[in-house]
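J.: sequence and computational prediction follow.
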Amino acid sequence: MKSFFLYLTQVTTTLSILSTSQAVLSNATSGPSCGAPIPDNSFFSVVGVQGCGVQPRLELRDLEKDTELWNMFLMAMVRFQAMDQNQKISYYQIAGIHGVPFKSWDDVQGQENQQKMGYSVACSAAGIDRTLLSLSKSCTIVLWISRMSTPAGSARDGAMETANRVRLPFWDWAIDPPNSDGNMPSSLRRPMVTVTNPDGTKSDIRNPLYRYDFHPLKSDDFSVLSEFQFKNWNHTIRDPENAFVANATSRNDEVNKRLGKQQPNLRNMLYKLLTTYQPFNQVSNKANGGSIGNFETLHDGLHTAFGIGSNMGIVEASAFDPIFWFHHCNMDRIVAMYQSRYPNTWIEDANQAMGTFTVKQNSTIGVDSPLTPFHMNADGDMWTSSYVRNWTSFGYTYPELIGNPSNETLTSSMNKLYKPRTQGLNDTDPTIPAPGGNSTNITTQATDWQCEVNMPSDIRISYSVRAFLGVPNADPKKWATDDNYIGQLASLSSSRMKTGVIVSGSIGLSEKLAQKHQAGELKSLSKADVAAYLKENFHWRIQAQDLTEIPRDTPPKGLNVTVYNVPLSVPESDTEVPTRSGKVEYNDDIDGNPPVYNGPGIGGTNSTAPAGQVGGSYNSTTGEFEWRVGHGTEDFQPPAPVLPSVPIVPSVPVAPSPVVPSSVPSVPKVSGAVTTITSAAAAPDTTEPPRGPETRYVTEIVVITR
């Protein structure tokens, strides 16, 4: 099974390229730099933004509060997206590294008979993400500087100082929304945005965070996908009501509503993952077991929230949507926080069952495997997960990690951001206090209730197991916003994926149970009363990403859901986390109230795709989704795209930077034995994890071209 971490590392590297592209195009004599312009036949060395120190990536809503920094970021994104799509470091080409058009980038060729896939490798996902994101980030920053028309002087100096701080932001979808906007910031949902031009005038432009406009749409690049709609759309789309028409439109508000219902579960899942030790290969991807869950499944749930027909909903087309980059920045941040808390665990060898554009099927990849297609120097050497282990090497960090905080400080930050409102249930003290004090050795005993989900990761369509406390709506399309909805475990897949891997994870029930108790629906929080209530009121359903139901009486092979409870010691100190204080008890008699099915078609479910286009249905015999693929609208000619209305000033060529020996970022030192912090069904806890390695600031890497 592919590992999500190598994939994440590749995307992070691409974000570094986004930053790098900007630097390459810079005509400034000082400021952020990634090196010199490169001819099309040269290797591109991904080094992130250099020459301006290590700057924090900010959360989108915090970045927007800094008006100058926000304005510069928006203008840079506009220009980055407007680049000629044939250029190696254009937005289009960099987004294409992740999936379609399944072509080589930077002269890194693919494997024979294996080229209908992107470069991303899940077992190295974190390293790939880290490099991909650094690439993306660099391009954005310096594109603005390269076209800065402010005359030399104090104003230009001030603008350059601001440019030094520009980094690609992250979207934290797990925090409690800071305002009435909801979980999806309005900056991602507004079609238009007002910016201040270098001459001080203001312009209303198309929001570069809302969508990407193809210019032109290269239909042939998308024709390799069975998801026919991408061949017709001249811009990215989120959650279309009908994905199989050429004039489909985005429904951002619907996604925002859906994520609002999902957020408590996302927060709780993330908290358990960050505060429970698992070996890195296990916590990073869904192929390596573990009932607590993993980062890949958490990542998948966000993609599936955007709907089956959307760019974000299809792996190979997702990177063209601007929101992809902010989601993956957050995944890189999550990985960095985990690294800081547990510095002694990192990528180990794993089997790559599916293969990728450059990785053979069933090959073994690990910490020293090349993160194709990202070169680190003119000799053609590739980045590896060893080299990208230290994120500051690319010129960025995250707010929670500034100054290399101690584990106590980092734990306090995690508690403030993600601690569940209800840690567990206690029938004598039903309101378990949230951490916030400095008390030590004071704990409350409680019972945490979870449902463990085991599901095949790939049934040739993305799908979810959804949990409810109360009878779910009769219409599956309304499940994700149902008042009784608790959360989901999701797997992101497509018609091209089939691995046979079973993914495991847990959905928390305690917070919703506490709400039911406060509403007077649950008599008490004693184990006996809770178990009886769950037996009557706990429901779970299986839903394909086309929003149809997969009947529980004919589920994908290997899928099962089991409720369990576990005793916890909940500390009052905000520098500690809950730990397991007893054995896990499985409640096998709580079956989730399976419904009776009398639906039409195979397995009682069928997609809504028009005849002759893309659609399909779940086959209860094979346990897979069977696709219908047609070409009913092949002759459709999409309208011409409308690019953001910002004047683009041609950049002035720059002289190449001096060639210096390549510099390889240092790998953080590790010391001591691995220790654990546990919660829910994890192994028993031991001691607090050791302090993270000293942060190494690497700011002198430059681009070298042959």
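T.: Sure, I can see it. As the structure is a prediction and not an experimental result, all values here were calculated from the model. Residues are numbered from 1 along each chain as shown.

J.: okay, now the unreliable bits of this protein?
T.: Counting by pLDDT under 70, the chain shows low-confidence ranges at 1-42, 106-156, 287-291, 351, 353-362, 428-441, 494-499, 598-616, 625-706.

J.: what are the boundaries of the helices in it?
T.: 4-24, 60-65, 67-81, 91-95, 125-146, 154-165, 219-222, 252-275, 280-284, 295-304, 322-341, 407-418, 510-518, 527-537 (DSSP state H).

J.: so which of those helices is nearest residue 464?
T.: Nearest of those to residue 464, taken as CB to CB: helix 295-304 at 6.1 Å. Just so you know, the C-beta spots here come from the backbone N, C-alpha and C atoms, and that holds for glycine as well.

J.: for residue 169, what are its contacts?
T.: Residues counted as contacts of residue 169 (CB atoms under 8 Å, 6 or more residues apart in numbering) are 57, 58, 59, 60, 62, 63, 73, 326, 329.

J.: distance of the second one from residue 295?
T.: The reference is to residue 58. Counting by CB to CB, to the nearest Å, the separation of residue 58 from residue 295 is 21 Å.

J.: ok, now the first one?
T.: When CB to CB is the yardstick, residue 57 and residue 295 sit 18 Å from each other.

J.: likewise for the third one?
T.: With distances defined as CB to CB, the gap from residue 59 to residue 295 amounts to 18 Å.

J.: over to residue 185?
T.: 22 Å.

J.: same thing with residue 310?
T.: From residue 310 to residue 295 the distance is 22 Å (CB to CB).

J.: same deal with residue 80?
T.: Counting by CB to CB, the gap from residue 80 to residue 295 is 27 Å.

J.: what about residue 483, neighbour count?
T.: 10 (other CB atoms under 10 Å).

J.: swap in residue 425?
T.: For residue 425, using other CB under 10 Å, the count is 27.

J.: doesn't residue 449 make contact with it?
T.: Yes - Residue 425 lies in contact with residue 449 (CB atoms under 8 Å); the separation is 6.8 Å.

J.: more neighbours, residue 59 and residue 295?
T.: Ranked by neighbour count (other CB under 10 Å), residue 59 and residue 295 place residue 295 first, with 25 against 22.

J.: sorry, back to before: including distance to residue 43, could the helices of the chain go into a markdown table?
T.: What follows is the helices of the chain, written out as a markdown table (distance: least, CB to CB, whole Å):
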| stretch | distance to residue 43 |
| --- | --- |
| helix 4-24 | 12 |
| helix 60-65 | 32 |
| helix 67-81 | 21 |
| helix 91-95 | 15 |
| helix 125-146 | 13 |
| helix 154-165 | 26 |
| helix 219-222 | 23 |
| helix 252-275 | 36 |
| helix 280-284 | 28 |
| helix 295-304 | 30 |
| helix 322-341 | 23 |
| helix 407-418 | 37 |
| helix 510-518 | 51 |
| helix 527-537 | 58 |
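
J.: so which of those gets nearest residue 315?
T.: That would be, of these and by CB to CB, helix 295-304, which comes in at 7.6 Å.

J.: tilt between that closest one and helix 322-341?
T.: On the basis of axes from the mean of the first three to the mean of the last three CA atoms, to 10 degrees, helix 295-304 is oriented at 160 degrees to helix 322-341.

J.: buried residues, helix 295-304. List them.
T.: Going by neighbour count (16 or more other CB atoms under 10 Å), the buried part of helix 295-304 is 295, 296, 297, 298, 299, 300, 301, 302, 303, 304.

J.: and for residue 278, the neighbour number?
T.: Other residues close to residue 278 by other CB under 10 Å number 22.

J.: does it touch residue 292 like I think?
T.: Yes - in terms of CB under 8 Å, residue 278 counts as a neighbour of residue 292; the distance is 6.8 Å.

J.: that older thread, possible to save the contacts of residue 169 as CSV with distance to residue 420?
T.: Formatted as CSV, the contacts of residue 169 follow (distance: CB to CB, whole Å):
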residue, distance to residue 420
57, 25
58, 25
59, 20
60, 23
62, 23
63, 27
73, 33
326, 24
329, 24
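
J.: quick one: which of the residues you listed is most hemmed in?
T.: residue 329 (30 neighbours).
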